[in-house]
Each structure stands twice: as structure tokens, then as C-alpha cells.
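>>> no sequence on this one, just coordinates:
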């Protein structure tokens, strides 16, 4: 398995596709240290625009802007190339950053291309008044995937197919290809070190543990304080210590609130802030036409499964992360609105994950450590009014497993399945 410095990322295949974006600014949001800056610099180098990287954390960039709001124009024109790309990194940390971008785009949208990279605030600002409407396309860059690690160029995910029949046929064709030893090795490395580039490329257990400890502290002590008014940072860290044991089950806010000795609305706010920092993500229960009622609590997972306990919880968190990033990717690519849910009824019937496309269930996923017999819930899923019928797969953490059952139901090794996702 190759672990050299730069791993090409799947988002590059569509974020720079002019048939999808036109001449809009490209906003690239994602977790801290996921590789956004590295991707931006690689893209500039590929376009011959290396001097046009401007980091707004750098005082020289801020000073240049104060002296001349068009400070980037001369360097761009001096390259004497058509449609030069300009990168503004971390500009979302500056006051009036949207006005700065609006002014730059309105002046130069016919001559220059703009790539804007950032994390929490870049994704968050859309929920309030947005002066940049019609001027940008937002894409999400997630941590490493199995196909990225092995440099496997894949066509769009089978879930992007326009018809059920094509979806089933594409899935069967792709899942039937046996993974080689490189896929299995990459899966084991990702499972052990997590999906973030630095610890994955380092492949060192001590470095990995230290990196993940520092990452939590960095997000809570710096980034969380930066985007919110949260002051009880010690209790937020305690919340993160309590979460791993609660993975795989709907999260009880009142229970967490009692443990932390705060109001349950406070816990809810903290979780939402950590979600904005891409440390956590949640999935809601699917509730359309499912009988017997549903529990209403969300399930919460870490974006980096390294924080989940070893065993079944880590495997389930890993699958959840892949499905979560696939929903982001397919939505960003313009295939529709993809969302991730789960099903758990009051009489304890459960399906771990349900991918929904434009309010239509398309994929039901169960995760098991070893059982290669599909669960009753998965086999009987169409009796739960999941209409139209869905593809069903039980993912197992066992090598070389692939079985097909009735009603488009499959059991497959986890690495077989994950390599198919976006």
C-alpha cells in the first residue's frame, strides 16, 4: 500500500467540473486537517498558478488587502495565462469576509476563478442571510476513503443511478469484483489509524494516539470557542469522553445531561456545535409510514472512527462515516438530496442505516461483526412500508464474504462494500 505524501481526493473529480459549477466560486468546506490546503495548492500547481495562494491567517495577506483590496489582481495578470485560479484560504475568519468575496467576484468573475477553503463557518453561514447567493457552489471534503487510499478511480456511486434496475445491476457488477490484497491492507490501516491523512500516512501507533488526543483538544479549546459562546469547555470534553460508549444506540439527552450536571438543552447545543466542527455527525430515525411508532432520539457518531471503542462499535461507526460522506458527495454532485437515517421501532425491530434519495428509501444497511446470515429485520424490510423496494446489504467484518439472497439482499465483507461508496 502506498503512503506517499499526497493522495488525490475524489472531490477533485467534480468540484472543478464547469458543467456542474459554471463560473461560480468554489467553496470547499470540511474538517480541520482533512487536507483542504494541500488540495488547493496541488490544484494551483496543476494550473500553473502557484503564486496565487493567499492564506488570510497570514498577516502579510491581511496587510496587502488593507493597502489594496485588489491585491491579487497584479500577481494573477502577471502569470499571463487564461482563467487563472486564485485560492483564498481561511478568509471566513475575517470580518466582512462575504463582502470581500462578493466584491472580488463581481469585479473579476469573467477573468479569474476562485477557490475558497475553510471549515465550520464556511458551511455555517448559508443558514443565515447570504449575500453570496448565485455566486458560489459549496462542496464538502471528507477524510480519506478506501478507494482514495488505493488510488482507485471509480465511476459515480451505484446510488447515483437514475433507475432502481440500473442501481441493482451496477451494485451487483461492482460488488462481485473480488478485492485484491491492497484493498484488504488499506482497510486494516484505515480501521487502525483512522481516516485523517496525517496519522494514516504516518502509520505509527504512538503518533496516531497523540495526534487524536491533540485534535480533540484543538477543536474544543480553539475552534469551538471561536464559533460559539460555549465557556464550559471542560464539560464539553467530558461529553466527548462519554459519547464512545453510547455509539450504536439512540442518544438520550436527559441521561447525558444528568451525567454532566447541565440542562439537556445545553447538551443539545454542544452536540450541534461539535457537529458544525465536523467532529460528530447525527442521523435521525426514518418515520414515513413505518408502523408501531419510532424512537425519536438521534444516533451520534464520530466522523473519525478512531474515537469509537474497538469491536462492533468501531465497525458500525466506520460504515456510518462512509454512508454519511456518500450522501454529502452525491448531493454535492447534483444527483439529488441524499440523507442518512436509521430505523428502530418501539418493539425493538431495527435496521442500522437507511439511505434516502429525495425522500425515497434506496439502501438499507445492517452491520454485524461476524454473522453471515442476514438479519430478520433486513430480510423483512419491505414489510415496513419501505416503498419503493430498497437494496439491502448486511456488512460483516469478515474477509472474502459475498452472498446473495432474495429481494435484492446481500451479505458482504466490509471492504467489498466500502470501496463502492463515494
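Thanks, I have the structure now. Only a predicted model underlies this, so the values are computations on that prediction, with no experimental measurement involved.
>>> quick one: mean pLDDT over the longest helix along the chain.
Longest helix in the chain by number of residues (criterion: DSSP state H): helix 312-332. Average pLDDT, helix 312-332: 97.
>>> how far away from the center of its chain is it?
7 Å (Cα atoms, centre = their mean, to the nearest Å).
>>> mean confidence score for whichever helix or strand comes after that helix?
Going down the chain from helix 312-332, the next helix or strand is strand 338-344, by DSSP states H and E. The average of the pLDDT scores along strand 338-344 is 93.
>>> now for the next helix or strand after strand 338-344, which elements pack on it?
Counting by DSSP H and E, the next helix or strand C-terminal to strand 338-344 is strand 350-357. Counting contacts by 3 or more Cβ pairs under 8 Å, 6 or more residues apart in numbering; DSSP states H and E, strand 350-357 is packed against helix 312-332, strand 338-344, strand 360-368, helix 376-379. (C-beta placed from N, C-alpha, C; glycine too.)
>>> mind putting those into CSV with mean neighbour count?
Below are the helices and strands packed on strand 350-357 laid out as CSV (neighbours: other Cβ atoms under 10 Å):
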stretch, mean neighbour count
helix 312-332, 23
strand 338-344, 21
strand 360-368, 22
helix 376-379, 18
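>>> could I get the ones you listed as JSON lines with distance to residue 160?
Formatted as JSON lines, those follow (distance: least, Cβ to Cβ, whole Å):
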{"stretch": "helix 312-332", "distance to residue 160": "5"}
{"stretch": "strand 338-344", "distance to residue 160": "9"}
{"stretch": "strand 360-368", "distance to residue 160": "10"}
{"stretch": "helix 376-379", "distance to residue 160": "23"}
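>>> residue 261: which of those is closest?
helix 312-332 (25.6 Å; Cβ to Cβ).
>>> could you give the angle of that closest one to strand 360-368?
Helix 312-332 and strand 360-368 meet at an angle of 160 degrees, taking axes from the mean of the first three to the mean of the last three Cα atoms, to 10 degrees as the criterion.
>>> name all residues that make contact with the residue nearest to residue 136 when sequence neighbours are not counted.
Leaving out its chain neighbours, the residue that sits closest to residue 136 by Cβ to Cβ, 6 or more residues apart in numbering is residue 25, at 4.2 Å. Neighbour list for residue 25: 101, 105, 114, 115, 116, 132, 135, 136, 137 [criterion: Cβ atoms under 8 Å, 6 or more residues apart in numbering].
>>> what stretches of the stretch 1-150 of the chain score poorly on pLDDT?
1-4, 120-130 (pLDDT under 70).
>>> now the strands for it?
Secondary structure of the stretch 1-150 of the chain (DSSP state E, counting those that start in this stretch): strands located at 25-29, 53-55, 85-89, 113-118, 136-140.
>>> those into a markdown table, with extra columns for distance to residue 304?
Listed next are the strands of the stretch 1-150 of the chain as a markdown table, based on distance: least, Cβ to Cβ, whole Å:
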| stretch | distance to residue 304 |
| --- | --- |
| strand 25-29 | 17 |
| strand 53-55 | 24 |
| strand 85-89 | 22 |
| strand 113-118 | 19 |
| strand 136-140 | 15 |
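>>> from the contacts of residue 25, which two are the most distant?
Across those, the longest distance by Cβ to Cβ is 14.3 Å; it joins 115 and 132.
>>> looking at the two, which one has more neighbours?
Set residue 115 next to residue 132 and count neighbours by other Cβ atoms under 10 Å: residue 115 wins out with 24 against 19.
>>> in contact with residue 322, which residues?
Counting by Cβ under 8 Å, 6+ apart, residue 322 makes contact with 145, 418, 421.
>>> go again using 6 Å as the cut-off
Residue 322 sits next to 418, 421 when contact means Cβ atoms under 6 Å, 6 or more residues apart in numbering.
>>> counting neighbours, what do you get for residue 216?
If you count neighbours by other Cβ under 10 Å, residue 216 ends up with 17.
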